[in-house]
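Asker: Return a 3D structure for these sequence lines:
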Amino acid sequence: MEDSSSQEPLLGRELSNAEGSSHNRRGSYGSNSSKDDAVVTIDPEGEEEAPDAPVQNGIRQADAINQVWSRAALILAYCFIFLCSFANTLQWQIMSNLMPYVVSEFSAHSLIPTIGIVASIMSGIFKLPIAKMIDSWGRPQGLAAMIALATLGLVLMAACRDVQTYAAAEVIYQVGISGFTYILDIIIADTSSLRDRTLAFAFNSSPTLITTFVGPIIAKAFLEGSTWRWAFGFSAILFVVLSVPILSILAINTQKARALGLLSKSSNGRPWTISRVRQALIDFDAVGMFLAAAGLTLILVPFSLHGASTSYDNSVAITPIFGVFLLIVFGVHERKAKRPFIRFSLLCSRNVAGSALLSITIFIAYFAWDGYYTSYLQVVHNLNVAQAGYIGHIYGLGSCIWAVAVGYLIRRSDRFKWLALAALPVHLLGGALMIVFRKPDTNIAWVIMCQILITIGGSTLVMCEQIAVQAVASHAELASVMAILGLAYYIGSAIGNSLSGAIWNTTLPRLLTELLPEFSPEELIHLGQDLKKQLSYPLGSPTRNAIIIAYGEAQRRMCITGTLISLFEIFAVSIWRDVRVSQSKQVKGTVL
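Answerer: The predicted structure follows:
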């Protein structure tokens with residue numbers, strides 16, 4: 001199975017400001033005061049609210065860069081962003097195709113969902129402090145930190161000698177790479193108008209058109225000609241080399257803005273006193289982030305443990321109750337906090353709440369049926385790793401192409417909700433047909449057809465939910481609101497992985513025990529956790545047939561679960577408030 005949680009969905013982000021809501025700044029960019037430049041926002045209904053927090057250094061830096069660089073520099077920056085996305089998507093293609101073999105080498109094939117869940121939780125939660133960091137310090141600084149973190153994870157994966165080290169390295173890598181992707185999205189949002197932002201995101205995702213075909217071939221070459229360790233080492237080097245240019249152009253233009261007096265020199269040389277540390281914790285909403293992280297962890301991780309082994313302790317099932325309690329406390333804290341991560345009224349608005357619900361629902365469903373998918377294609381349909389990779393990544397490829405059409409339609413119609421309403425039946429139909437056609441005796445063409453429908457419907461919904469959120473946030477709130485939607489994605493993927501892992505761990509071992517009574521319990525455990533062992537039995541043999549039947553039943557249950565959950569999408573879209581994207585005046589300077 002592939003760890004699909006390692007890639008964020010196409011354009012899984014949010015942005016902007018609508019109904020003509022723009023923030024008014026007082027003071028100059030060269031001011032050293034931390035209390036000037038208050039932002040006045042206008043809510044979606046046109047009522048002015050109290051001033052928000054002062055414009056932070058990272059936001060000032062983004063605005064200043066837009067004012068100093070030329071159109072040619074902006075185009076060059078987007079070319080460098082393309083290189084970053086190319087490196088990101090290529091390494092994901094390689095890793096997702098090799099991951100089943102990595103964990104199988106450690107005899108831990110069934111641990112894939114658990115690793116994915118922990119990585120998803122940490123990736124989602126860390127978006128919150130990352131948002132605070134790039135608003136306070138700057139986009140280039142945050143990008144550099146995430147490059148270092150993701151590279152460290154890749155190096156540790158290449159050098160690991162047991163599944164525990166690999167799991168830890170996977171979490172480090174996922175936090176870094178998801179933060180890297182998130183900051184790239186913020187940079188794109190900083191440098192594009194809301195009307196053209198979907199097209200800008202489509203350009204950012206365009207490397208998928210290349211890497212979808214190249215990635216599985218490279219993965220197969222490393223698997224057959226070398227080892228998966230060298231594949232991870234290659235990915236680390238490529239990622240660093242292709243990420244340096246975007247850092248360079250941002251740093252150059254930041255210095256240019258300082259030289260022109262648009263930015264003041266940093267004044268962070270003060271010593272860290274107790275009062276300053278206390279203020280920093282308040283500014284970063286440390287209490288709120290701890291409550292959110294602990295609550296999500298207690299809710300999500302126990303699901304993946306169910307059925308994983310006979311040593312599973314049923315008392316662990318009570319921990320989600322404490323998790324729900326902590327999330328309730330988090331909500332209360334955010335409403336009363338001096339410096340909340342996001343305005344409570346914005347968090348509870350129809351567009352933000354509806355988009356978060358939609359994102360969670362889409363990706364619970366997606367990862368519920370996507371669990372062990374490439375393993376299924378190899379075992380049941382006898383495809384090699386490259387062929388399974390091509391089919392498994394139809395969503396990434398198709399959504400990249402479809403994004404151009406959706407972006408054009410949003411730009412021409414100046415609306416987004418009608419597209420989401422049109423996409424709902426397409427997405428639901430694709431999931432329902434997957435129940436019918438994902439069976440061992442079904443031609444692979446029907447399975448591909450279902451994936452295409454899911455791609456068209458799902459990617460349209462994802463892109464529209466971003467615009468829905470963008471339409472109610474000011475530039476100062478951009479990073480925070482995008483982090484919330486990113487967190488919703490990771491919550492959905494974690495729950496989806498939990499469901500797929502629970503279904504797999506309760507279905508496959510039971511059926512293998514029933515269909516292969518001549519195998520000892522130890523042999524059955526090894527068979528269920530080792531993909532290479534499963535593929536070693538020739539197609540048509542009694543053992544391979546038993547494995548195929550077990551795979552088919554597990555996949556059928558996963559598809560039913562995902563389709564039923566998808567029905568919540570109808571409510572999530574229906575509560576949105578439609579707005580004209582052309583009325584947003586969120587960014588200024590030289591932008592797309």
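Asker: From here on, just use CA atoms for contacts and neighbour counts.
Answerer: OK.
Asker: remind me which residues of the stretch 201-350 of the chain are low pLDDT?
Answerer: Applying pLDDT under 70 to the stretch 201-350 of the chain flags residues 262-272, 280, 283-284, 300-318.
Asker: Try it again at 50.
Answerer: 267, 307-311 (pLDDT under 50).
Asker: for it, what spans make up the helices?
Answerer: Defined through DSSP state H, counting those that start in this stretch, the helices belonging to the stretch 201-350 of the chain, from first to last, are 208-225, 228-259, 274-283, 286-305, 319-336, 344-347, 350-370.
Asker: ok, and which of those helices has the densest surroundings?
Answerer: Of all the helices of the stretch 201-350 of the chain, helix 350-370 has the most neighbours on average by mean count of other Cα atoms under 10 Å, namely a mean of 26.
Asker: Can you list the neighbours in contact with the helix or strand just after that one?
Answerer: The helix or strand immediately downstream of helix 350-370 is helix 373-380, counting by DSSP states H and E. The contact list for helix 373-380 (Cα atoms under 8 Å, 6 or more residues apart in numbering) reads 1-2, 97, 100, 383-385, 388-389, 392, 440, 531, 534-535, 547-548, 551-552.
Asker: If you count neighbours, what's buried in the helix or strand where Q451 lies?
Answerer: Taking DSSP H and E as the definition, Q451 sits inside helix 444-470. Residues 447-448, 450-470 are the ones in helix 444-470 that count as buried (16 or more other Cα atoms under 10 Å).
Asker: now, which of the contacts of helix 373-380 lie within helices?
Answerer: 97, 100, 385, 388-389, 392, 531, 534-535, 547-548, 551-552 (DSSP state H).
Asker: what about D196, distance to L485?
Answerer: D196 sits 20 Å away from L485, taking Cα to Cα, to the nearest Å as the criterion.
Asker: Against which helices or strands is the helix or strand containing Q67 packed?
Answerer: Assessed by DSSP H and E, Q67 sits inside helix 57-68. If you count contacts as 3 or more Cα pairs under 8 Å, 6 or more residues apart in numbering; DSSP states H and E, helix 57-68 packs onto helix 112-136, helix 163-190, helix 228-259.
Asker: pLDDT of it, averaged?
Answerer: Averaging pLDDT along helix 57-68 yields 72.
Asker: Could I get the CA-only coordinates of stretch 520-539 as PDB?
Answerer: The C-alpha coordinates for stretch 520-539 follow below in PDB (Å, rounded to 0.1, in the frame of the first residue of the first chain):
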ATOM      1  CA  SER A 520       0.400 -21.600  11.000                       C
ATOM      2  CA  PRO A 521      -0.500 -18.400  12.900                       C
ATOM      3  CA  GLU A 522       3.000 -17.100  12.600                       C
ATOM      4  CA  GLU A 523       3.000 -17.700   8.800                       C
ATOM      5  CA  LEU A 524      -0.300 -15.900   8.400                       C
ATOM      6  CA  ILE A 525       1.000 -12.900  10.300                       C
ATOM      7  CA  HIS A 526       4.100 -12.800   8.100                       C
ATOM      8  CA  LEU A 527       2.000 -13.300   4.900                       C
ATOM      9  CA  GLY A 528      -0.400 -10.400   5.800                       C
ATOM     10  CA  GLN A 529       2.400  -8.000   6.500                       C
ATOM     11  CA  ASP A 530       4.800  -8.700   3.700                       C
ATOM     12  CA  LEU A 531       3.900  -7.600   0.200                       C
ATOM     13  CA  LYS A 532       6.800  -9.400  -1.400                       C
ATOM     14  CA  LYS A 533       5.700 -12.600   0.200                       C
ATOM     15  CA  GLN A 534       2.200 -12.100  -1.200                       C
ATOM     16  CA  LEU A 535       3.500 -11.500  -4.700                       C
ATOM     17  CA  SER A 536       5.800 -14.500  -4.500                       C
ATOM     18  CA  TYR A 537       2.800 -16.800  -5.000                       C
ATOM     19  CA  PRO A 538       2.000 -17.100  -8.700                       C
ATOM     20  CA  LEU A 539      -1.300 -15.900 -10.000                       C
END
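Asker: Can you list the buried residues in it?
Answerer: Neighbour-count burial for stretch 520-539 [16+ other Cα under 10 Å]: 524-531, 534-535.
Asker: Throw the residues you listed into CSV and include pLDDT, thanks.
Answerer: CSV is the format used below for the buried residues of stretch 520-539 (pLDDT from 0 to 100):
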residue, pLDDT
L524, 81
I525, 79
H526, 78
L527, 80
G528, 78
Q529, 74
D530, 75
L531, 79
Q534, 83
L535, 83
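Asker: Taking those, tell me the two that lie furthest apart.
Answerer: I525 and L535 (15.2 Å; Cα to Cα).
Asker: hang on, the earlier thing: kindly present the helices and strands packed on helix 57-68 as JSON lines, with separate columns for distance to T212.
Answerer: Formatted as JSON lines, these follow (distance: least, Cα to Cα, whole Å):
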{"stretch": "helix 112-136", "distance to T212": "21"}
{"stretch": "helix 163-190", "distance to T212": "18"}
{"stretch": "helix 228-259", "distance to T212": "15"}
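Asker: quick one: low-confidence ranges for the chain?
Answerer: In the chain, residues with pLDDT under 50: 1-52, 267, 307-311.
Asker: show me the biggest helix of it in terms of residues.
Answerer: helix 478-515.
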